[in-house]
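S.K.: sequence plus the predicted model coming up.
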Amino acid sequence: MPQIHDFMKKYIYLLLSVFVFASCTEDVKFNTPAFQGLKDNVFWRSQNYTAYTKINGDLIIEGGLGAEKVSLKMPSPIPQTYILGVNDQVTASYSDVFANTVPKFTTGTNLGNGQIVITEFDVKNSTISGTFRFTAVNENAGDGEKSELHFTEGVFYKIPYTPKVNF
């Protein structure tokens, strides 16, 4: 009789194991295109995004989440590393139009730091991909207001690109 009891125990354990592993499956959703990062160590993912070249040749990559907007500006879409905080040709900014004082955090000449790396500019499919990280300074910081904003581990992946916009 102990042999049947051992067999039944093994069978029950096997059956339970199958149910446990079957319930651990996960539906994987791919986030393509994507514009996301860590805003002050909190995950931030845009709901809308765009990339375009202004008439003066500046490339703008934007991501928005509700009233929040992150904007990356550089002089061209050529894949390379663009350093922030050196000049006004390469900048990163963050704004929230529903905040009390409408803070705008930005980089510029001797203002903030970081980098934007364009890893792929796909002319055929009109998309752009890369990474970013930056520390931006509050343009209007007063007493008690947040003076800096940090974006780390930023990624923009296969963002639709429009060649020229007249503004």
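M.R.: The structure has been received and is ready for your questions.

S.K.: contact partners of stretch 107-123?
M.R.: 72, 74, 77-88, 90-93, 105-106, 127-137, 148, 151, 158, 161 (CB atoms under 8 Å, 6 or more residues apart in numbering). Every C-beta, even on glycine, is put in place using the N, C-alpha and C of the backbone.

S.K.: strands along this protein, start to end?
M.R.: 34-39, 42-45, 48-54, 59-65, 68-74, 81-84, 91-96, 104-106, 113-122, 127-138, 148-165 (DSSP state E).

S.K.: contact partners for the closest residue to Gly114 other than its chain neighbours?
M.R.: Spatial nearest neighbour of Gly114, excluding adjacent residues (CB to CB, 6 or more residues apart in numbering): Phe134 at 3.0 Å. Contact analysis of Phe134 by CB under 8 Å, 6+ apart lists Leu84, Ala92, Thr107, Gly112, Asn113, Gly114, Gln115, Ile116, His150, Phe151, Gly154.

S.K.: so where's this protein uncertain?
M.R.: For the chain, the stretches with pLDDT under 70 are 1-31, 99-102, 141-144, 165-167.

S.K.: go again with 50.
M.R.: Across the chain, the ranges flagged by pLDDT under 50 are 15-16, 18, 20, 22-29.

S.K.: from Trp44, how far out is the most centrally placed residue in the chain?
M.R.: In the chain, the centroid-proximal residue (CA atoms, centre = their mean) is Gln36; its distance is 1.8 Å. Remark: distance between Gln36 and Trp44 (CB to CB, to the nearest Å) = 6 Å.

S.K.: circling back to that earlier point, dig out what the residue nearest to the centre of the chain forms beta bridges with.
M.R.: Beta-bridge partners of Gln36, counted by DSSP bridges, are Arg45, Val155.

S.K.: returning to that earlier point: most neighbours out of the contacts of Phe134, which is it?
M.R.: Comparing these on neighbour count, Ala92 comes out first with 30 neighbours (neighbours: other CB atoms under 10 Å).
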